[in-house]
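Asks: coordinates only, sequence not included:
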C-alpha cells in the first residue's frame, strides 16, 4: 500500500508553461519534504513544510501543505528546461518514538525548450 | 564541507552472493539512513542509525542489515542476493534523527544482481 500518492506520474510540458504536482495521503504527516532527483544522483531537498496551511516560495516554486497535513502541492511557474527531473514528496509519519519516513510515488517532469 | 559519499558507485553481483555498501556522512552528522530505489517500488526506507544504534527499520527481510561505527560511517549488508535486489541504494545523513532534522543524500550505489 502506497501511503503517499503523487499525481501526475509523468508530465511533459513546453518551456514557459505552469504546472502543479500533487502529493496526497490518507495519513497525517508531522512534516513533509519535497525533493528533486536527477539521473545518477541522490534526491536534493527543495523545501520542508511543517504547519498545516503553510505556503513556502522558492523563486518560481510554490509549495503548500494542506490544512490537515495530509496533502501537499508543488506549483512551478514559467517552467524551464533546468526544472526537468524526478520530483518526490516525502514525510515523517508517526511520533518521536516509532516513525517511518515515507516517499511518494514520484512525478517525472520534462520541460521542453 | 564535503557531502555524503557512498562506495562503491556501481556493483555487479550474482544471485546468492552477499554485498556490503559503505556510506560516509557529512562531518558532524550522527544519523545515517538507507533507502532502496527501484522503478517499480520507488524509494523505500530501509533503516536509520543514530549514534551506532538502529532507531528504525522499514519492511525489508532480515537479509538486509546495517551498522554504524563510532565515527558515524555506516555500512549496509545484503546477504543471499536475489534478482529483485537490483536497485539504487541511497544513503542520507542528518545532524540528528530524521524525524527532526533535514536529510542530505549521497549519489547512491547502483547494484545489479545477475
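Replies: Yep, it's here. Remember, predicted model here, so these are calculated numbers, not experimental data. Residues are numbered from 1 along each chain as shown, chains lettered A, B, ... in the order given.

Asks: mind listing the strands for the chain?
Replies: Picked chain A for this. Shown for chain A, the strands assigned by DSSP state E span residues A:5-7, A:10-14, A:19-24, A:31-37, A:44-49, A:55-58, A:61-65, A:71-76, A:85-94, A:99-103, A:107-112.

Asks: not quite, I wanted chain B
Replies: B:5-7, B:10-13, B:19-24, B:31-38, B:42-50, B:53-57, B:64-68, B:74-78, B:87-94, B:104-105, B:109-113.

Asks: which among the ones you listed is found nearest to residue A:58?
Replies: Proximity to residue A:58 (C-beta to C-beta) singles out strand B:104-105 among the strands of chain B, at 17.1 Å. C-beta: built from backbone N, CA, C; applies to glycine.

Asks: can you list contacts of that closest one?
Replies: A:35, A:42-45, B:3-4, B:26, B:29, B:90-94 (C-beta atoms under 8 Å, 6 or more residues apart in numbering or on different chains).

Asks: can you do 6 Å?
Replies: Applying C-beta atoms under 6 Å, 6 or more residues apart in numbering or on different chains, the external contacts of strand B:104-105 come out as A:42-43, B:4, B:26, B:90, B:92-93.

Asks: and that strand, how far from the chain's centre?
Replies: Strand B:104-105 sits 11 Å away from the centroid of its parent chain (C-alpha atoms, centre = their mean, to the nearest Å).

Asks: partner strands of it and their direction?
Replies: The strands beside strand B:104-105 in its sheet (DSSP bridges) come out as strand B:87-94 (antiparallel).

Asks: per-residue confidence at residue B:74?
Replies: Model confidence at residue B:74, given as pLDDT, is 98.

Asks: show me what contacts it?
Replies: For residue B:74, the contacting residues are B:23, B:32, B:49, B:68, by C-beta under 6 Å, 6+ apart.

Asks: show me what it is bridged to.
Replies: residue B:23, residue B:68.

Asks: so who does residue B:110 touch?
Replies: Each residue near residue B:110 by C-beta under 6 Å, 6+ apart is listed here: B:10, B:88.

Asks: interface residues of chain A facing chain B?
Replies: Residues of chain A lying close to chain B (C-beta under 6 Å from any C-beta of the partner chain) are A:41-43, A:92, A:96, A:99, A:101, A:103, A:105-106.

Asks: pick out the residue closest to the middle of chain B.
Replies: residue B:34 (3.1 Å; C-alpha atoms, centre = their mean).

Asks: residues touching that residue, list them.
Replies: B:46-47, B:76, B:91.

Asks: ok so, going back, who wins for neighbours among the contacts of residue B:74?
Replies: Sorting those by how many neighbours each has (other C-beta atoms under 10 Å in any protein chain shown) puts residue B:32 first, at 30 neighbours.

Asks: what's the pLDDT at that residue?
Replies: 96.

Asks: any bit of the lowest-mean-pLDDT helix or strand in chain B sitting next to chain A?
Replies: Among the helices and strands of chain B, strand B:53-57 carries the lowest confidence by mean pLDDT, DSSP states H and E, at a mean of 90. No. Interface with chain A: strand B:53-57 contributes nothing (C-beta under 6 Å from any C-beta), its closest point being 6.5 Å away.

Asks: for the residue in chain A that chain B sits nearest to, what are phi and psi?
Replies: Closest residue of chain A to chain B, C-beta to the nearest C-beta: residue A:42 (3.1 Å). Backbone geometry at residue A:42, expressed as degrees, to the nearest 10, gives phi -80, psi 160.
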